[in-house]
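Colleague: pasting the sequence and the predicted model now:
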Amino acid sequence: MNYISLGIIGFIVGLSGAMLPGPMLVYTISEVLRGKKTSALFIVLGHIFIESVMIVLLLAGLKQIVGSKTVHNVLSVLGAGVLILMGLHIIFRAKQMKLSIDRKINFSSGLILGGIFFTAFNPTFPTWWVSVGASLLFRALSVGLLGVVILVLGHWLADLAWFSLVGFVVSRGKLWLDEGRYQLMLRILAVILIGLGFWFIFQIR
């Protein structure tokens, strides 16, 4: 796997996670609706901080076993399985996934801390990183630390791009990003996720 592939995969997989409705998305929309147009940037900074902690912890463990074919195969199957299940879940549930919210979140400790809080206490956060995240990091490590950096930067770029877009369109009355287009984007990403999952499996030797 080369650097370009790692960057693209990091971006696509990161985007799929960022786009799913969750507490951080609701919190971002809530803050933008309060008139804080640059909220998304600071919330994502908090999100990046807590993800950095998770990545460092995972790398500390993975560096001890990099090169193990057995670990590579196990992580490939685990990561592929989660990607495929995520893709199928999105396809079948996309109709119920909406950008509009029927509730708001009040968090008075600041936007960066809000990004940290709503990331750390999202129940899918540790599960995603231990399965898909660990699998991707293990693959990136086989290329070298630069591969890890490129993968992670691609992932964070996806977070920043999506939440900045959400902040912009919500502040402007959503413009062209209505529920139909949002759900179509989710379905397209879901198909890509399923394809990546099977690609990971086919690479097992």
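Modeller: Yep, that arrived.
Colleague: which residues in the protein form strands?
Modeller: The residue ranges that make up strands in the chain, judged by DSSP state E, are empty, as it has none.
Colleague: tell me what the longest helix that it contains is packed against?
Modeller: Longest helix in the chain by number of residues (criterion: DSSP state H): helix 145-171. Using 3 or more CB pairs under 8 Å, 6 or more residues apart in numbering; DSSP states H and E as the contact criterion, the secondary-structure elements in contact with helix 145-171 are helix 3-19, helix 23-33, helix 39-62, helix 134-143. C-beta here means a position set from N, CA and C on the backbone, and glycine is covered the same way.
Colleague: does anything pack onto the shortest one? Which helices or strands?
Modeller: Going back to what we said before, that points to helix 134-143. helix 3-19, helix 39-62, helix 69-93, helix 145-171.
Colleague: can you verify my assumption that Leu75 contacts Ala134?
Modeller: Yes - counting by CB atoms under 8 Å, Leu75 does reach Ala134; the two are 5.8 Å apart.
Colleague: and Leu193, which of the helices and strands packed on helix 145-171 is closest to it?
Modeller: Within these, the stretch nearest Leu193 is helix 3-19; the backing value is 5.5 Å (CB to CB).
Colleague: now do that closest one against helix 39-62, angle only.
Modeller: Here helix 3-19 points in a direction 120 degrees away from that of helix 39-62 (axes from the mean of the first three to the mean of the last three CA atoms, to 10 degrees).
Colleague: below-threshold pLDDT in the chain: ranges please.
Modeller: Across the chain, the ranges flagged by pLDDT under 70 are 1, 66-67, 99-105, 173-177, 205.
Colleague: ok so, going back, quick one: buried residues of the longest helix of the chain?
Modeller: Residues of helix 145-171 classed as buried by neighbour count (16 or more other CB atoms under 10 Å): 147-148, 150-152, 154-156, 158-160, 162-163, 166-167, 169-171.
Colleague: same question, stretch 182-196
Modeller: Taking 16+ other CB under 10 Å as the basis for neighbour counts, the residues of stretch 182-196 that come out buried are 182-183, 185-187, 189-190, 192-194, 196.
Colleague: which of those sits closest to Ser142?
Modeller: The closest of the buried residues of stretch 182-196, once distances to Ser142 are taken by CB to CB, is Leu196, at 16.9 Å.
Colleague: relative to Leu78, how far out is that closest one?
Modeller: Taking CB to CB, to the nearest Å as the criterion, Leu196 is separated from Leu78 by 14 Å.
Colleague: follow-up on the earlier one: nearest to Thr124, of the helices and strands packed on helix 134-143?
Modeller: Nearest to Thr124 among the helices and strands packed on helix 134-143 is helix 3-19 (8.1 Å), distances taken as CB to CB.
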